[in-house]
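Novice: let's see this in three dimensions:
(one chain, ligands or ions: 2)
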Amino acid sequence: MTTTRHAIHPSHFKTLDTKSLREEFLLDKLFTTDAINHVYTHYDRLIVSGAAPETKAVTLETIDALKANFFLERRELGIINVGPKASVTVDGQSFTLENKEALYVSRGTKSVVFQPTAGARFYINSSPAHREYPTRKISLADADTITIGSPETSNHRTIRKLLVNSVLETCQLQMGLTELHQGSVWNTMPPHTHDRRMEAYFYFNIPQGQAVCHFIGEPNETRHIWIKNNEAVLSPPWSVHSGAGTSNYAFIWGMAGENLDYGDMDVVQPNELL
Ligand SMILES: O=C[C@H](O)[C@@H](O)CC(=O)C(=O)O
Ligand SMILES: [Zn+2]
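Specialist: Numbering: from 1, shown residues only. Ligands and ions are numbered 1, 2, ... in the order given. Predicted coordinates for the structure are as follows:
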């Protein structure tokens, strides 16, 4: 199934109630057994998808929104495995991904097939691409990894930059995976905006019965969205994206837009937030 999300102006954003905020920004139906679901966003035309090939293979078919002969005719794709070890066949070549491993798929690829595995869960982002870069698997050893924050400020976390320009070339897509250490609950604190890129967060490994409170909005006009396991949230370029959980958890961040500079962030200190 494919749904569409339009871009929201910050002055419209201020007027949204809880239900409208969730309708505009929360992506809570990413996974359906033996299917792939897409959310086509008008934030830098990033597509957020989830594939769950549990009993049969799931093929990445083109969608009407693209008016393309095949999904990757003008696009690039990033896949991160958030389920058990499973494989993806890309134009006949098989790539096996362990949990948390990533696959970059080149523009021009005609066939992407997610092979069946019990409990399989692939989280996927795609953005428009102007040229081809090679398809490549990125393991955790290949990632550009940093550990930041501290237990004292409850934000001790490891950021694994998987599909970023310090690891491989992409047109505009960037993806990575951040894990909060035990006892730490705050992600992206202090938070930031980057007006040159939008971002999507996918929260996973949230223990049963726990939840994450995600913060969204301009730094002086924040709102929150409560998120459950395996749900994603869109962050417009003018918005902070940060969260606090009732336990530790992990999330995947994906970005598209003007530049590929991960460090291009306007940081907001906690005591400056409103
Ligand atoms: O622009 C970069 C993204 O927001 C994330 O990489 C931030 C993050 O994972 C964190 O600080 O916890
Ligand atoms: Zn960011």
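Novice: quick one: name whatever helix or strand follows the helix or strand where Cys213 lies.
Specialist: Cys213 is part of strand 212-218 when elements are defined by DSSP states H and E. The element immediately downstream of strand 212-218 (helix or strand, assigned by DSSP H and E) is strand 221-227.
Novice: neighbouring contacts of that following strand?
Specialist: By Cβ atoms under 8 Å, 6 or more residues apart in numbering, the list of residues contacting strand 221-227 from outside reads 10, 13-14, 16, 21-22, 25-26, 203, 206, 211-217, 233, 240, 243, 273-274. For glycine as for every other residue, the C-beta is placed from the backbone atoms N, C-alpha and C.
Novice: using PyMOL, define a selection of the buried residues within those residues.
Specialist: A single PyMOL command selects the buried members of these (16 or more other Cβ atoms under 10 Å):
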select buried, resi 13+16+21+22+25+26+203+206+211+212+214+215+216+217+233+240+243+273
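Novice: quick one on the thing from earlier: the strand holding Cys213 near ligand 1 at all?
Specialist: No - contact of strand 212-218 with ligand 1 is not found when judged by Cβ under 6 Å from any ligand atom; the minimum separation is 11.8 Å.
Novice: could you list the paired strands of that strand along with their orientation?
Specialist: Partner strands and pairing direction for strand 212-218 (DSSP bridges) are strand 221-227 (antiparallel), strand 240-245 (antiparallel).
Novice: list the buried ones in the first one?
Specialist: Translated: strand 221-227. With burial defined by 16+ other Cβ under 10 Å, the residues of strand 221-227 counted as buried are Glu221, Thr222, Arg223, His224, Ile225, Ile227.
Novice: before we move on, what about stretch 123-134?
Specialist: In terms of neighbour count (16+ other Cβ under 10 Å), stretch 123-134 has its buried residues at Tyr123, Ile124, Asn125, Ser126, Ser127, Pro128, Ala129, Tyr133.
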